[in-house]
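**Student:** Predicted model follows, preceded by the sequence.
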Amino acid sequence: MSATSFGGSFKLVASGDTKIKNIFLDRVKRAAFDSQFPFLKYIPFTPPSMSEEFNAMIDRIIAAQRDEIKGKSSGKKDLLQMFIDTHA
């Protein structure tokens with residue numbers, strides 16, 4: 001999934017690190033919960049649906065991809081590259 005979406009592996013199997021996997025799974029669970037109960041965002045003291053840690057992780061991936069292709073055309077055909085190509 002990471003290769004299709006972000007153009008590379010997070011190497012989670014080799015490293016044994018579960019932090020990125022847990023952040024992603026928490027976000028998917030929260031998205032499913034929010035879609036079932038959309039009114040929850042109006043209840044005071046409800047935690048935000050997007051965590052700062054998740055946003056920071058995605059921002060780092062996008063910045064690295066942009067830096068990698070700066071000044072040259074990328075041959076990658078992943079979702080992130082398609083978004084960067086259309087919005088650059």
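**Tutor:** Nice, I can see it.

**Student:** tell me which residues of the helix or strand harbouring R60 are tucked away?
**Tutor:** Under the criterion of DSSP states H and E, R60 resides in helix 52-69. Across helix 52-69, burial judged by 16 or more other Cβ atoms under 10 Å covers F54, M57, I58, I61, Q65, I69. (Each C-beta comes from the backbone N, C-alpha and C, glycine too.)

**Student:** Name the nearest of the residues you listed relative to I20.
**Tutor:** M57 (6.8 Å; Cβ to Cβ).

**Student:** Show the contacting residues for that closest one.
**Tutor:** I20, I23 (Cβ atoms under 8 Å, 6 or more residues apart in numbering).

**Student:** Give me the distance between the closest residue to F24 other than its chain neighbours and V28.
**Tutor:** Leaving aside its sequence neighbours, F24 sits nearest to F54 (Cβ to Cβ, 6 or more residues apart in numbering; 7.6 Å). Relative to V28, F54 is positioned 10 Å away (Cβ to Cβ, to the nearest Å).

**Student:** try I20
**Tutor:** In terms of Cβ to Cβ, I20 sits 13 Å off from V28.

**Student:** Quickly note the distance from the residue most central in space within the chain to P44.
**Tutor:** Residue closest to the average C-alpha location in the chain (Cα atoms, centre = their mean): I58, at 4.3 Å. I58 is 27 Å from P44, where distance means Cβ to Cβ.

**Student:** Downstream of the helix holding R60, the next helix or strand is which one?
**Tutor:** With elements assigned by DSSP H and E, the helix or strand that comes after helix 52-69 is helix 79-87.

**Student:** Kindly spell out which helices and strands sit in contact with that next one.
**Tutor:** Helices and strands touching helix 79-87, by 3 or more Cβ pairs under 8 Å, 6 or more residues apart in numbering; DSSP states H and E, are helix 2-6, helix 52-69.
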